[in-house]
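A.B. asks: Sequence and computational prediction follow.
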Protein chains: 2
Amino acid sequence: MAIAGAISQLAGLLGDRLVTSGAVLDQHGQNETYYPLTPPDAVGFPETTEEISAILKICNAETCPVVPYGAASSLEGQHLCTSGGISLDMGRMSNILKINAEDLNVVVQPGITRIRLNEELRATGLFFPIDPGADASIGGMAATRASGTTAVRYGTMRENILALEAVMADGTIIRTGSHARKSSTGYDLTHLLIGSEGTLGIITEVTLRLQGIPEAIKAATCRFASVEDAVNCVILTIQSGLPMARIELLDEMMVRGFNKYSGAGLPEEPHLFLEFHGTQAGVEEQSATFEEIAADYGAKGWETADTTEARNALWAMRHKSHYASAALGAGGHIWPTDVCVPISRLAEAVLQAQRDAVRLGLTSTIVGHVGDGNFHAGLSVDPNDPDEMARAEEFTSALAETALRLGGTVSGEHGVGLGKQKFMTAEHGPALAYMRAIKAGFDPSNILNPGKMLPAAN
Amino acid sequence: MAIAGAISQLAGLLGDRLVTSGAVLDQHGQNETYYPLTPPDAVGFPETTEEISAILKICNAETCPVVPYGAASSLEGQHLCTSGGISLDMGRMSNILKINAEDLNVVVQPGITRIRLNEELRATGLFFPIDPGADASIGGMAATRASGTTAVRYGTMRENILALEAVMADGTIIRTGSHARKSSTGYDLTHLLIGSEGTLGIITEVTLRLQGIPEAIKAATCRFASVEDAVNCVILTIQSGLPMARIELLDEMMVRGFNKYSGAGLPEEPHLFLEFHGTQAGVEEQSATFEEIAADYGAKGWETADTTEARNALWAMRHKSHYASAALGAGGHIWPTDVCVPISRLAEAVLQAQRDAVRLGLTSTIVGHVGDGNFHAGLSVDPNDPDEMARAEEFTSALAETALRLGGTVSGEHGVGLGKQKFMTAEHGPALAYMRAIKAGFDPSNILNPGKMLPAAN
């Protein structure tokens, strides 16, 4: 009833930019992982912030759920309309509004994807460093506090957003932050919205910090006799303060996946994929220091990717880990999960994850942004095999418990969405009540991505 | 009545650690700047988080204001009990709880000051980089989102806190964040508490990121014919991506202040004070690149401080800018104010501030962390001269308006406290209502530092 009432008013507002055809609903109900198809009741294609404000006024009055939709690359079902309602497709709000090269920032609409943004920035000599692998939308990356391969050097979305515009549940348009690099005035609403997964407001504009394209970039790979050696090499590298731009672990199963999916032809041993950024001299100095550390852990097969093409090929392969993991099993689907632990506990966490996968009879890869203590387990599953799915769920719970036991978090970058809600009490304890207080204050009718992130109160 | 009732119960709880003697009240009612003496009704000296929880339960039931007190170095009256009530002196909670050297972090109680923290860390080869000048307490630095001279390289408190423990208004103890370097789970309560100036919760434990002490450190100074040349040199340096560890501007008045207060014997022209961190080769490379840029703006008098002693002397002098500014005028007091603007607008903002001081017949220094676009005006004032105080207030308002006009913020690091509330609507607009919603949800009886940060709603 409420949803139907909202749809009829939204049709008046948006005309043919409110769509209820089955194909479009199905497209917006899909996801990259194991969650079932969850079509919304309608898809809206807004073109301006003011239009989103009008949409939210209608939906708030009608108590109709609204879920923002970017590139649909979220991995915990964040963009799925599990309570029905409106999927708000930001694809028509994907412009660069202003490149402030002299201030090293850019103002974009939320629908732009990171690859297109960097293409458009190329002529300026600047780039936006955050790279989660998928060609995610900037709005989605902000909403899920995304990070990825370069976060070890440049930080996550948390450190790279200066300011936001957002539309709140009742249609109020707010601006948070400023174009200054820091501020001490007022509560940090920018960071509150980053990672809020669309539950507190719809992000309609993002001001991103940019970096100068490094004078020199060097990528390299090497391999180790054991995951433990590889991880211990990472730990010492980070502890040494070496400013790694990328330092990615691939366990032997992940390498096997790349060999199968991409024909990588790599020896099936644990690998590190590396990148160094700096001046020419700085990069050589960093690389030499790393080689010394790695030698202590028995690194072999040191290979460098010196050209842009070779580097791009390396990272393109790395970014297909999701599909390469899926290719290892018969089910063809991937249950991706991630955790993040203090760097000193990384070896313990990775080895425990490998043991848990064996114990549960699961095919799992380990790949990760290990310089941050963040890694992924990619479980190859068949969603139609309830026993395997139950074991995958048991694995995920065991991994989450491991992360919490070691002082970490149940997700370093995928977020909570649907799948990690059951760990929120264990991770946040009494703080969860204060998250609920914020949600209740900002969205009293619970129309913004309802049923996500915060588990229902007992 | 309510305050008296709370004090009598707190006396039962704390015994002789609840103090109402005039000297102690006066000590806790003082401040470094122009706000009048504002003694609290009582001062509590808690020793544990659980004790603070018990204190807040009493004060919440009695609606008695509670204001945390660290090193009293705040510059906008944040620690003053302007509504009466209890000053909560954190001096007995100033221990290092755990140094996790292998994870590059440390867990401390809020009362420890940054200088003592770094003394205790020295043997580990690690340091805590944030340096606001004053020997502030870590809890106070977290609560005011402090930064200072090294923020251009290492970020502010915002980027350097991994986790917090806090006691909320009703006595609930929460933990935010984790010891992992990043997380995507839940609303970012860590960043919400950072910079909340004691209005949302009392910070009782802070996990800080640490840095390795650089292999090489080099400080240097140079001077310019005009502030505009100096600032343009800074702008190009930052735009070039040079990883400056410190880059501080002193205008000619500030230099005069140092000559008068510290016998610095410097030519009375605008100066930059610089520091480079890195490997030996990296520091020399950075320094040479900076010298090339500076030469284009007519830099002269290049001098390096190569020894630890020379460097310490340089920064010790710099950190006395507050007193050196005060020494320039007859009144002997300083009205310190700060703003932060996008780096491209820095010259415009600094020159406007200098013109405004002249127009209003005020003695003002300009000194700042210009690599961030952040600078201070230090007005020498006599609090007993109402006309001069009115002109100082006019200057502060004009500077805030300049910062907002240029896309910046009315405070880069001092915070809001009492003095900057009048600009909150202009800076935050409709977002202010969401800050108020958070305050109302977290502290419905308004006992936590009431009357600070958020201006009264109309």
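C.D. replies: Received the coordinates, thanks. Since this is a predicted model, take the numbers as computed values, not measurements. Residues are numbered from 1 along each chain as shown, chains lettered A, B, ... in the order given.
A.B. asks: quick one: contacts of the least confident helix or strand in chain A by mean pLDDT?
C.D. replies: The helix or strand of chain A with the lowest confidence, counting by mean pLDDT, DSSP states H and E, is helix A:321-327 at a mean of 89. Contact with helix A:321-327 is made by A:32, A:133-134, A:250, A:254, A:257-258, A:260-262, A:332-334, A:336, A:364-365, A:367, A:376, A:378-380, as judged by Cβ atoms under 8 Å, 6 or more residues apart in numbering or on different chains. (Each C-beta comes from the backbone N, C-alpha and C, glycine too.)
A.B. asks: Check which residues of it are buried.
C.D. replies: Residues of helix A:321-327 classed as buried: A:321, A:322, A:324, A:325, A:326, A:327 (neighbour count, 16 or more other Cβ atoms under 10 Å in any protein chain shown).
A.B. asks: chain center to it: distance?
C.D. replies: Distance of helix A:321-327 from the chain centroid (Cα atoms, centre = their mean, to the nearest Å) equals 17 Å.
A.B. asks: picking that back up, so can I have JSON lines of the buried residues of helix A:321-327 showing distance to residue A:57?
C.D. replies: Formatted as JSON lines, these follow (distance: Cβ to Cβ, whole Å):
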{"residue": "A:321", "distance to residue A:57": "42"}
{"residue": "A:322", "distance to residue A:57": "38"}
{"residue": "A:324", "distance to residue A:57": "45"}
{"residue": "A:325", "distance to residue A:57": "43"}
{"residue": "A:326", "distance to residue A:57": "42"}
{"residue": "A:327", "distance to residue A:57": "47"}
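A.B. asks: that older thread, and chain B, which of the contacts of helix A:321-327 reach it?
C.D. replies: Restricting the contacts of helix A:321-327 to those touching chain B (Cβ under 8 Å from any Cβ of the partner chain) yields no residues.
A.B. asks: So which of those are in strands?
C.D. replies: Among the contacts of helix A:321-327, DSSP state E puts A:250, A:333, A:334, A:336, A:364, A:365, A:367, A:376, A:378, A:379, A:380 in strands.
A.B. asks: mind checking the SS state of the nearest residue to the last one once chain neighbours are set aside?
C.D. replies: Of all residues not flanking residue A:380 in the chain, residue A:329 sits nearest, at 2.6 Å (Cβ to Cβ, 6 or more residues apart in numbering or on different chains). For residue A:329, the assignment made with DSSP: H, G, I helix; E, B strand; the rest coil gives coil.
A.B. asks: So what does residue A:58 have for phi and psi?
C.D. replies: Note on residue A:58: backbone dihedrals following degrees, to the nearest 10 are phi -60, psi -50.
A.B. asks: and the gap between it and chain B?
C.D. replies: Distance of residue A:58 to chain B, computed by Cβ to the nearest Cβ, to the nearest Å: 19 Å.
A.B. asks: returning to what we had before: may I have the least confident helix or strand of chain A as CSV, with CA atoms only?
C.D. replies: Only the C-alpha atoms of helix A:321-327 are listed here, as CSV (Å, rounded to 0.1, in the frame of the first residue of the first chain):
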residue,chain,number,x,y,z
SER,A,321,40.4,-12.8,-8.1
HIS,A,322,36.6,-12.9,-7.6
TYR,A,323,36.0,-14.8,-10.8
ALA,A,324,39.2,-16.8,-10.5
SER,A,325,38.1,-18.0,-7.1
ALA,A,326,34.7,-19.0,-8.5
ALA,A,327,36.4,-20.9,-11.3
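A.B. asks: and of the buried residues of helix A:321-327, the nearest to chain B?
C.D. replies: residue A:322 (16.8 Å; Cβ to the nearest Cβ).
A.B. asks: which regions of chain A lie under the pLDDT threshold?
C.D. replies: Scanning chain A for pLDDT under 70 picks out the ranges A:1, A:458.
A.B. asks: Nearest the middle, which residue of chain A would you pick?
C.D. replies: Of all residues in chain A, the one closest to the mean position by Cα atoms, centre = their mean is residue A:146, 3.6 Å from it.
A.B. asks: is it true that that one touches residue A:136?
C.D. replies: Yes. When contacts are counted by Cβ atoms under 8 Å, residue A:146 is listed as touching residue A:136 (6.3 Å).
A.B. asks: which element is residue A:393 on?
C.D. replies: For residue A:393, the host element (DSSP states H and E) is helix A:386-405.
A.B. asks: Identify the residue spatially nearest to residue A:48, adjacent ones excluded.
C.D. replies: The spatial neighbour of residue A:48 that comes closest, neighbours along the chain excluded (Cβ to Cβ, 6+ apart), is residue A:93 at 7.5 Å.
A.B. asks: Residue numbers of the stretch 251-400 of chain A in contact with chain B?
C.D. replies: So far as Cβ under 8 Å from any Cβ goes, the stretch 251-400 of chain A lies against chain B at A:279, A:281, A:282, A:285, A:340, A:341, A:342, A:343, A:344, A:372, A:373, A:374.
A.B. asks: And these, which of them are buried?
C.D. replies: If you count burial by 16+ other Cβ under 10 Å, the buried members of these come out as A:279, A:282, A:285, A:340, A:341, A:342, A:343, A:344, A:372, A:373, A:374.
A.B. asks: Which two among these are spaced furthest apart?
C.D. replies: A:279 and A:341 (32.8 Å; Cβ to Cβ).
A.B. asks: Could you break chain A into its assigned domains?
C.D. replies: If you go by automatic domain parsing, the domain ranges for chain A are A:2-90, A:93-212, A:216-321, A:322-412.
A.B. asks: hmm, who's touching stretch A:93-107?
C.D. replies: Among residues not part of stretch A:93-107, those counted as contacts by Cβ under 8 Å, 6+ apart are A:46-48, A:108-113, A:116-117, A:120-121, A:124-126, A:128, A:137, A:162, A:179, A:204-212, B:235, B:238-239, B:342-344.
A.B. asks: returning to that earlier point: could you export the residues of the stretch 251-400 of chain A next to chain B as CSV, including secondary structure?
C.D. replies: Listed next are these as CSV, based on three-state DSSP:
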residue, secondary structure
A:279, coil
A:281, helix
A:282, helix
A:285, helix
A:340, strand
A:341, coil
A:342, coil
A:343, helix
A:344, helix
A:372, helix
A:373, coil
A:374, strand
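A.B. asks: Max pairwise distance over those residues: which two?
C.D. replies: Largest separation among those by Cβ to Cβ: A:281 and A:341, giving 34.2 Å.
A.B. asks: Just the ones in strands from the contacts of stretch A:93-107, please.
C.D. replies: Those of these mapping onto strands are A:108, A:126, A:162, A:204, A:205, A:206, A:207, A:208, A:209, A:211, A:212, per DSSP E.
A.B. asks: So which of these is the closest to chain B?
C.D. replies: residue A:212 (3.8 Å).
A.B. asks: Excluding covalently adjacent residues, which one is nearest to the closest one?
C.D. replies: Closest to residue A:212 by Cβ to Cβ, 6+ apart is residue B:241, at 3.8 Å.
A.B. asks: again, but for residue A:384
C.D. replies: Counting by Cβ to Cβ, 6+ apart, residue A:384 lies nearest to residue A:331, which is 7.8 Å off, once chain neighbours are set aside.
A.B. asks: Tell me if I'm right that the one you found and residue A:387 touch.
C.D. replies: No. Judged on Cβ under 8 Å, residue A:331 makes no contact with residue A:387 at a distance of 11.6 Å.
A.B. asks: So which of those two has more stuff around it?
C.D. replies: Neighbour tally, residue A:331 and residue A:387, criterion other Cβ atoms under 10 Å in any protein chain shown: the higher count belongs to residue A:331, 20 against 9.
A.B. asks: Perfect, that will be all.
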